[in-house]
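Student: Fold the following.
(2 chains)
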Amino acid sequence: MKFKDYYASLGLARGASDADIKKAYRKLAHKYHPDVSKETGAETKFKEVAEAYQTLKDPEKRAAYDQLGAHTPGEEIRPPPSWGPEPAGPGASFEDLDLADLLASLAGGRARGRGAGGRRSYRGEDYELRTAITVEQAYHGTLMELNIGLPEHDGEGRVTRVPKSLKVRVPKGATDGQRMRLAGRGGRGVNGGPDGDLYLTISLLPHRLYRPNGHDLYLDLPLAPWETALGTSVEVPTPGGSVQMRIPAGTATGQTLRLAGRGLPRPKEGNGDLYVIAKIVMPKNTTEREAELLKELAAASSFSPRSGLSPEADHEN
Amino acid sequence: MKIEVTEVVWVDEHLPYSLEELAERSHLSHAELELLIDSGAISALDVRALQAAKIAARLRVDFEIDVQGVALAMTLLRRIEQLEVELSALRARVPGNP
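Tutor: Numbers count the residues shown, from 1 in each chain, chains lettered A, B, ... in the order given. Down below sits the predicted model:
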């Protein structure tokens, strides 16, 4: 069993008072609770903080924990004999046990509500997982492997984490924030109760080209000034492969053109759209010939791009 | 290690849960759920009601607050979520934004 420094998790010294423990927990919970926090790694950090608080707020568990003394976090330790015998069965030992699970079963053992002894059946717990996929994976659908550690009860009221690998087929139609249910893949039901479900929340990884909004995608399309002035047809990348797109003459920077049905597929039918935002770019270096032609254009054109900035423009509008 | 391929169901396609199912799966009592539904913090007919009920249960336990406080927090969280959706839609439209 690996040692965890619960006092350090809450930023406290070993002799901290109950009030200090509560105060430290509340402060950290506000900062890291995954339902309210946007900090990176908030979920892991909150789990650590909550686990520490679950033990230290309970006088019985705290006393048992204090018996272990101070160790380096991660150090392999053996619990005192008063904590009960080593788990029996092939491959089972103290090494496989989690400190928090063991402390919970020690406290639970004296006031067991829903252990193996009861007759009532309970539905297994639902679990929540998050995973990130690429735009391409969302477009085509993907098969992904999730490695998870699910808690399982050993019949003695003790809990072990069982590593499980799940292959999940994510059908096309996913987008940022979409939730999926894997029926019966959560915690085991107790006394014949149904198994819980596993919920998977999908997020999309940032893409080099596309910015998703629901099932629509946005793409910046660089164009030369003469292409937008005269109109052209260009090859535009889409997640389903390149398509030829007509750029009408007179297209300005920032103008949005729509490629209907070229966005991400929706779960049931149809696709979102791909919005192409025109972006006029200039060559870094112009050749002598190009400069000559541009000068000729400047001399011949009466176009005034800044007429709207003159004071008179206000009176006209 | 056992490997099995699991097919998934979009949560949006699931039928709304009954009050009994919501209570059993979120570990909230009927009275607590009714208060959250009456205050508008959870919409019983929404397919995402179970997710909302679970968040409510976590907030109540983890922050040690009463159901009225949870209802207020849920309402504010939903407003933040709506603003985030709006912000991300606007960001997608801004050229040059990664």
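Student: Tell me where the longest helix sits in chain B.
Tutor: helix B:67-93 (DSSP state H).
Student: wait, does that helix contact chain A?
Tutor: Yes - counting by CB under 8 Å from any CB of the partner chain, chain A has neighbours in helix B:67-93: B:Ala73, B:Leu77, B:Ser88, B:Ala89, B:Arg91, B:Ala92, B:Arg93. Where you see a C-beta, it was placed from the backbone N, CA and C, and this is true even at glycine.
Student: So which residues on the stretch 1-150 of chain A come close to chain B?
Tutor: By the rule CB under 8 Å from any CB, the part of the stretch 1-150 of chain A lying against chain B is A:Arg26, A:Ala29, A:His30, A:His33, A:Asp35, A:Val36, A:Ala50, A:Arg123, A:Asp126, A:Glu128, A:Leu143, A:Glu145.
Student: Separate out the buried members of those residues.
Tutor: Taking 16 or more other CB atoms under 10 Å in any protein chain shown as the criterion, what is buried in the residues of the stretch 1-150 of chain A next to chain B is A:Ala29, A:His33, A:Asp35, A:Val36, A:Ala50, A:Arg123, A:Asp126, A:Glu128.
Student: follow-up on the earlier one: for the record, mean pLDDT for the longest helix of chain B?
Tutor: When pLDDT is averaged along helix B:67-93, the result is 93.
Student: Could you do stretch A:304-314 as well?
Tutor: Stretch A:304-314 shows a mean pLDDT of 82.
Student: which residues make contact with it from outside it?
Tutor: The contact list for stretch A:304-314 (CB atoms under 8 Å, 6 or more residues apart in numbering or on different chains) is empty.
Student: same question, stretch A:46-53
Tutor: Contacts of stretch A:46-53 (CB under 8 Å, 6+ apart): A:4, A:6-7, A:9-10, A:21, A:25, A:28-29, A:32-34, A:37, A:100, B:62.
Student: mind redoing it with 6 Å?
Tutor: Stretch A:46-53 has contacts (CB atoms under 6 Å, 6 or more residues apart in numbering or on different chains) with A:Tyr6, A:Ser9, A:Leu10, A:Tyr25, A:Leu28, A:Tyr32, A:His33, A:Pro34, A:Ala100.
Student: Check stretch A:196-207 too.
Tutor: Identification of contacts with stretch A:196-207 by CB under 6 Å, 6+ apart yields A:124-130, A:132, A:134-135, A:174, A:176, A:178-183, A:185-187, A:212, B:98.
Student: buried set for that stretch?
Tutor: Neighbour-count burial for stretch A:196-207 [16+ other CB under 10 Å]: A:Gly196, A:Asp197, A:Leu198, A:Tyr199, A:Leu200, A:Thr201, A:Ile202, A:Leu204, A:His207.
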